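Trainee: No sequence on hand, only this structure:
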């Protein structure tokens, strides 16, 4: 494990905040002087590290491509043949939000299709 940090002193009384970097490959650059808790695995709240801007933009483009595909063929969503990016699949909350959005896109596409047929 990692040496306890200054921020780990309040861990026993749950008066601490977890360090976002202690589990990273590089580790926490502040070491024992870090003001955040280095006791790993005992914090109920997850420390979420935001993906870099490049990854976020790439993910956004991938999701826009998927959204366009669903808008053109709403049956894609029901067929289960859609593959979502790993970053979305790993996080159940994000996965649920994306699937709800795609369901709305599909519903709008179905409405557009039924509107075209009645014209």
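Mentor: Arrived safely, thanks for sending. Fair warning: this is a prediction, and the values are worked out from it, not measured in the lab. Residues are numbered from 1 along each chain as shown.

Trainee: Go through stretch 68-87 and flag the buried ones.
Mentor: Buried residues in stretch 68-87, counted by 16 or more other C-beta atoms under 10 Å: 70, 74, 76, 77, 84, 87. From N, CA and C alone the C-beta is placed, and that goes for glycine too.

Trainee: from what I can see the fourth one touches residue 100, true?
Mentor: No. Applying C-beta atoms under 8 Å, one finds residue 77 not in contact with residue 100, separated by 11.0 Å.

Trainee: list the contacts for residue 33?
Mentor: Listed by C-beta atoms under 8 Å, 6 or more residues apart in numbering, the contact set of residue 33 reads 5, 6.

Trainee: quick one, helices of the chain?
Mentor: Secondary structure of the chain, counting by DSSP state H: helices at 53-72, 75-79, 86-89, 92-118.

Trainee: could you give me the average pLDDT of the last one?
Mentor: Just to be clear, that refers to helix 92-118. The average pLDDT for helix 92-118 rounds to 85.

Trainee: Can you name every helix or strand that it contacts?
Mentor: helix 53-72, helix 75-79, helix 86-89 (3 or more C-beta pairs under 8 Å, 6 or more residues apart in numbering; DSSP states H and E).

Trainee: report the angle between the axes of that helix and helix 53-72?
Mentor: 30 degrees (axes from the mean of the first three to the mean of the last three C-alpha atoms, to 10 degrees).

Trainee: Endpoints of stretch 22-37, how far apart?
Mentor: End-to-end span of stretch 22-37 (C-alpha to C-alpha, to the nearest Å): 9 Å.

Trainee: List the buried residues for it?
Mentor: 22, 28, 30, 34, 36, 37.

Trainee: And the average pLDDT for it is what?
Mentor: pLDDT averaged over stretch 22-37 gives 87.

Trainee: start at 676 instead
Mentor: New numbering, starting at 676: the last item is stretch 697-712.

Trainee: Can you give the distance of that stretch from its chain's centre?
Mentor: 23 Å (C-alpha atoms, centre = their mean, to the nearest Å).

Trainee: next one: stretch 765-772
Mentor: 6 Å.
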